[in-house]
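Enquirer: I need the structure of the sequence given here:
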Amino acid sequence: MAEGEWIYRVPPLTVPAPDVTNADDLLRHGSVQLFIKRAQAVEPHLLPDRHFVATVAAICRRLDGIPLAIELAASRTGALGIGQIAERLDDRFRLLVGGRRTALPRHRTMHATLEWSHELLTASERVLLHRLAVFAGVFDLDAAGAVAASPALATYEVVDVLSNLVSKSLVDRNPTGYRLLETIHAFALEKLAESGELEVISRRHAEYHQNLFERAEFEWEARAVDEWLAEYGPKIDDLRAALDWTFSPAGNPSLGVALTVAAVPLWMQLSLLQECRSRVERALSALDAGASRDQRREMKLRVALATSTLYTRGRAHELGAVLTGALEIAEELGDRDYQLRSLRGLHLFYFSSDIRKTLEIAKTFCLVAEQQPDKNDRLIGDGLVAASEQHLGDQTSARTHIERMLANFSAPEHRSHSYAVRFIFDQHALPRLILARTLWLQGFPNQAMRTAENAVQDALEANHAISTYNVLAHAACPIALWMGDFALADRHVKILLDHATRHPLPLWREFARMFEALLAVSRGDVVSGLRRLRAGFDELGESLPAFDHVKFQSDIAETLCRAGQIADGLTVAEQAIERCEQTNERWLFAELLRLKGELMLRKESAAAKAEDSFGEALDWARRQGALSWELRAATSLARMLRDQRRCAEAIAVINPVYSRFTEGFGTTDLANAKALIDDLHRVSRDEKSDRPG
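Expert: Sure, this is the predicted structure:
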């Protein structure tokens, strides 16, 4: 540096966060202001609209707020347009050419600027900068030393050389660690490839992350979820980069298989199920192609594949064989933990085709769990039995099993996430989901809603998207709609839609839209709601589990009835009844029979058949201990009897059912029943007063 010369470090300009969308908020950031100013210098008539500003913000984020990079990109606005600039950022060094005519040659292209800076580095600084380019995200000193050290650059030297790169603004340091800004990263990666070290450094990077995630896999049972995620969550970009290399032509598939297995807990905890599925499929393909065969790893991959596929593609027929294969390996290895995991997957798989089979699997789970040191495994088996029996229609037994689980389950708080990874759901939230549904069916709507609310809170606190989705879709949303609390239903549907949007799972998004459609129907928008409901059902098709399939068929049949489309409604109701008989999905059977009766009642000369359907519905509801369905069936039958001037019979049908309720008198079903009872007593009094003395 010459005498009197000063170095002035120009830090990156502020860039808006990805979730900032308001144009005024975006324009407050220096990087966006600079880009627009330079773009208007090239195109004086440019008037930035909302889309333009949003695209500029995305470009500035990709350029890390580096002023020179932003100036160079903005200078191409006239020639390329804002959309082309955004698309070509991956080829940034050809894009970032130009700028002011008065600029020094090294400032006219980004590549020339970086090349000039690169030439000023010492040999050790160049080597370290090149090798650090293998990191896709944030790294720490241990990672830098493990990957970048060599005989020519000792581990202890890495710290000093890294500090020099930070001081020269080539490496960014923040509270989470070190990283290369994206433009510098692209330049350094070119240099790493030119050096001939790309393969050896990529292998070291992958091996380092295999060790890291194997440690993470070991620790997730013992550490608090927030602490565990804070350490390993930020490594996901490097995990992806390492896996991409291992399965590339120059990579090492056996290393990729090991790394994939170790990373499954992170994908599951973050609910990145589509990513998990695609990565696991590739690892299993590598095993089939001859990568080092390891039964334990194959077993783990099979379970991960089945779990992730069930929530991204729905029930695929081949998953039964995948899970059965995993169970056979687990039995051969004497691995009871993975026997339980495989059985849990099979339990979920058979919910789409054979509920009685799920009860057999749940009981087998309990037998295996008896041999486990953790008594909570046996209690999780109780939860599986409860779920099966509820769907089979035995609400009394279901409640006994689920309440026993809730009363005795005592997982330490810091291990709650390990149960979510092992058995798919958070084990504080899922049992409350089952209990909430059981309570509603048994005629305790207020308790059911409180339990569902607690389950939602548990799932949100666990920060586990799969659990949150299930609690909302299978308890909180339907119960609020059944109760007629549309404000509460609206709140839950919004949370469901938010989760479905934030997590890239099309199955969930369509599911959430169907609940939105149901809410619209409940509020009176029958035509639009019915159209959206049927479109969603057709889109999801056989990917829906049996519980959801017959439930939405029931909703569609009821909506068709409200719309006056009686023939279509009867067809849908009969299809749902047939499906229940095929799969043993009996929990909704009474309600489907009632709906069939309501539809038949609207056909000419079908009153007798309608009365038979209502009678069957009452019988099924009583046998199942489903008081809420019994009340609906009694209300439908009593209304028909009233219209036939058989008021005494109607009162005898509905009064005993209504009198067994102890709560929920403000809900839609109970309010309708009470209004009907009052009307029946009024009509009965009028009839008596009209009789001759």
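Enquirer: rest of the way, CA atoms for contacts and neighbours
Expert: Noted.
Enquirer: Now find how far off-centre stretch 581-592 is within its chain.
Expert: Its chain's C-alpha centre and that of stretch 581-592 lie 28 Å apart, by C-alpha atoms, centre = their mean, to the nearest Å.
Enquirer: ditto for stretch 659-666
Expert: 36 Å.
Enquirer: Now do that stretch: distance from first to last residue.
Expert: 15 Å (C-alpha to C-alpha, to the nearest Å).
Enquirer: got the contact list for that stretch?
Expert: With contact meaning C-alpha atoms under 8 Å, 6 or more residues apart in numbering, stretch 659-666 is reached by 443-446, 670-671.
Enquirer: Residue 345 - how many residues pack around it?
Expert: 26 (other C-alpha atoms under 10 Å).
Enquirer: what does residue 232 give?
Expert: Residue 232, neighbours per other C-alpha under 10 Å, totals 16.
Enquirer: Check the spacing between it and residue 64 real quick.
Expert: Distance, residue 232 to residue 64, by C-alpha to C-alpha: 23 Å.
Enquirer: One more: residue 281?
Expert: Taken as C-alpha to C-alpha, the span from residue 281 to residue 64 is 34 Å.
Enquirer: Please identify which of those two sits among more neighbours.
Expert: Set residue 281 next to residue 64 and count neighbours by other C-alpha under 10 Å: residue 64 wins out with 21 against 17.
Enquirer: Tell me if I am right that that one is in a strand.
Expert: No. Residue 64 is assigned coil when assessed by DSSP: H, G, I helix; E, B strand; the rest coil, not a strand.
Enquirer: residues contacting residue 344?
Expert: 362, 365, 423.
Enquirer: rerun that using 6 Å as the cut-off
Expert: Residue 344 makes contact with no residue under the criterion C-alpha atoms under 6 Å, 6 or more residues apart in numbering.
Enquirer: does it belong to a helix or a strand, and which?
Expert: helix 336-349 (DSSP states H and E).
Enquirer: Follow the chain on from that helix and name the next helix or strand.
Expert: helix 355-369.
Enquirer: Now go through the contacts of stretch 659-666 and say which are in strands.
Expert: With strands taken from DSSP state E, there is no overlap with the contacts of stretch 659-666.
Enquirer: which of the residues you listed tops the neighbour count?
Expert: residue 445 leads the contacts of stretch 659-666 on contacts (other C-alpha under 10 Å) with 27 neighbours.
Enquirer: Show the contacting residues for it.
Expert: For residue 445, the contact set (C-alpha under 6 Å, 6+ apart) comprises residue 664.
Enquirer: Report the separation between it and residue 618.
Expert: Following C-alpha to C-alpha, the distance that separates residue 445 from residue 618 is 19 Å.
Enquirer: What of residue 194?
Expert: 78 Å.
Enquirer: neighbour-wise, which of these two wins?
Expert: When residue 194 and residue 618 are compared on other C-alpha under 10 Å, the one with more neighbours turns out to be residue 618, at 25 against 11.
Enquirer: residues contacting that one?
Expert: 630, 633.
Enquirer: secondary structure element for it?
Expert: Taking DSSP H and E as the definition, one finds residue 618 inside helix 607-624.
Enquirer: Which neighbouring elements make contact with the next helix or strand along the chain from that helix?
Expert: Next in sequence after helix 607-624, counting helices and strands by DSSP H and E, comes helix 627-643. On a contact count with 3 or more C-alpha pairs under 6 Å, 6 or more residues apart in numbering; DSSP states H and E, helix 627-643 meets helix 607-624, helix 647-658.
Enquirer: hey, where'd the helices end up in the stretch 251-400 of the chain?
Expert: 253-269, 273-288, 295-310, 319-333, 336-349, 355-369, 375-392, 395-408 (DSSP state H, counting those that start in this stretch).
Enquirer: could you pull out the strands for the protein?
Expert: Under DSSP E, the chain gives strands at 172-174, 177-179.
Enquirer: hang on, the earlier thing: just the buried positions in the helix holding residue 618, please.
Expert: Buried residues in helix 607-624, counted by 16 or more other C-alpha atoms under 10 Å: 607, 610-611, 613-618, 620-622, 624.
Enquirer: And stretch 395-403, by the same measure?
Expert: 395-399, 401-403.
Enquirer: do the same with stretch 298-316
Expert: For stretch 298-316, using 16+ other C-alpha under 10 Å, the buried residues are 298-315.
Enquirer: what's it in contact with?
Expert: 273, 277, 319, 322, 326, 505, 543.
Enquirer: quick one: which of the residues you listed has the most company?
Expert: Neighbour counts for those, by other C-alpha under 10 Å, peak at residue 326, which reaches 28 neighbours.
Enquirer: which residues touch it?
Expert: 299, 302.
Enquirer: same thing but 7 Å
Expert: 299, 302-303, 342 (C-alpha atoms under 7 Å, 6 or more residues apart in numbering).
Enquirer: domains of this structure?
Expert: 23-102, 121-196, 198-293, 316-397 (automatic domain parsing).
Enquirer: Throw the ones you listed into JSON lines and include distance to residue 479 and mean pLDDT, thanks.
Expert: What follows is those, written out as JSON lines (distance: least, C-alpha to C-alpha, whole Å; pLDDT from 0 to 100):
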{"stretch": "domain 23-102", "distance to residue 479": "40", "mean pLDDT": "76"}
{"stretch": "domain 121-196", "distance to residue 479": "43", "mean pLDDT": "89"}
{"stretch": "domain 198-293", "distance to residue 479": "25", "mean pLDDT": "92"}
{"stretch": "domain 316-397", "distance to residue 479": "15", "mean pLDDT": "93"}
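Enquirer: just the ones you listed: most buried one?
Expert: domain 316-397 (a mean of 21; mean count of other C-alpha atoms under 10 Å).
Enquirer: can you give me the helices in the stretch 1-150 of the chain?
Expert: Under DSSP H, counting those that start in this stretch, the stretch 1-150 of the chain gives helices at 23-26, 30-42, 50-62, 67-74, 77-80, 82-87, 92-95, 110-119, 123-132, 141-148.
Enquirer: Of all those, which one comes closest to residue 468?
Expert: helix 50-62 (30.4 Å; C-alpha to C-alpha).
Enquirer: before we move on, the earlier item: tabulate the helices of the stretch 1-150 of the chain (TSV), appending distance to residue 645.
Expert: Below are those laid out as TSV (distance: least, C-alpha to C-alpha, whole Å):
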stretch	distance to residue 645
helix 23-26	66
helix 30-42	75
helix 50-62	66
helix 67-74	81
helix 77-80	79
helix 82-87	72
helix 92-95	82
helix 110-119	89
helix 123-132	86
helix 141-148	83
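Enquirer: of those, which approaches residue 589 most closely?
Expert: helix 50-62 (51.4 Å).
Enquirer: Can you name every helix or strand that the closest one contacts?
Expert: For helix 50-62, the packing partners by 3 or more C-alpha pairs under 7 Å, 6 or more residues apart in numbering; DSSP states H and E come out as helix 23-26, helix 30-42.
Enquirer: Packing partners of the longest one?
Expert: On a contact count with 3+ C-alpha pairs under 7 Å, 6+ apart, helix 30-42 meets helix 50-62, helix 67-74.
Enquirer: And that helix, how far out from the chain middle?
Expert: 39 Å.
Enquirer: Convert the C-alpha atoms of it to PDB, please.
Expert: Coordinates of each C-alpha in helix 30-42 appear next as PDB, following Å, rounded to 0.1, in the frame of the first residue of the first chain:
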ATOM      1  CA  GLY A  30     -29.900  -0.300  -0.600                       C
ATOM      2  CA  SER A  31     -29.300  -3.200  -3.100                       C
ATOM      3  CA  VAL A  32     -32.700  -2.800  -4.700                       C
ATOM      4  CA  GLN A  33     -32.300   1.000  -4.900                       C
ATOM      5  CA  LEU A  34     -28.900   0.700  -6.500                       C
ATOM      6  CA  PHE A  35     -30.100  -1.800  -9.100                       C
ATOM      7  CA  ILE A  36     -33.100   0.400 -10.100                       C
ATOM      8  CA  LYS A  37     -31.000   3.500 -10.200                       C
ATOM      9  CA  ARG A  38     -28.400   1.900 -12.500                       C
ATOM     10  CA  ALA A  39     -31.200   0.300 -14.600                       C
ATOM     11  CA  GLN A  40     -32.900   3.700 -15.100                       C
ATOM     12  CA  ALA A  41     -29.500   5.100 -16.200                       C
ATOM     13  CA  VAL A  42     -29.600   2.600 -19.100                       C
END
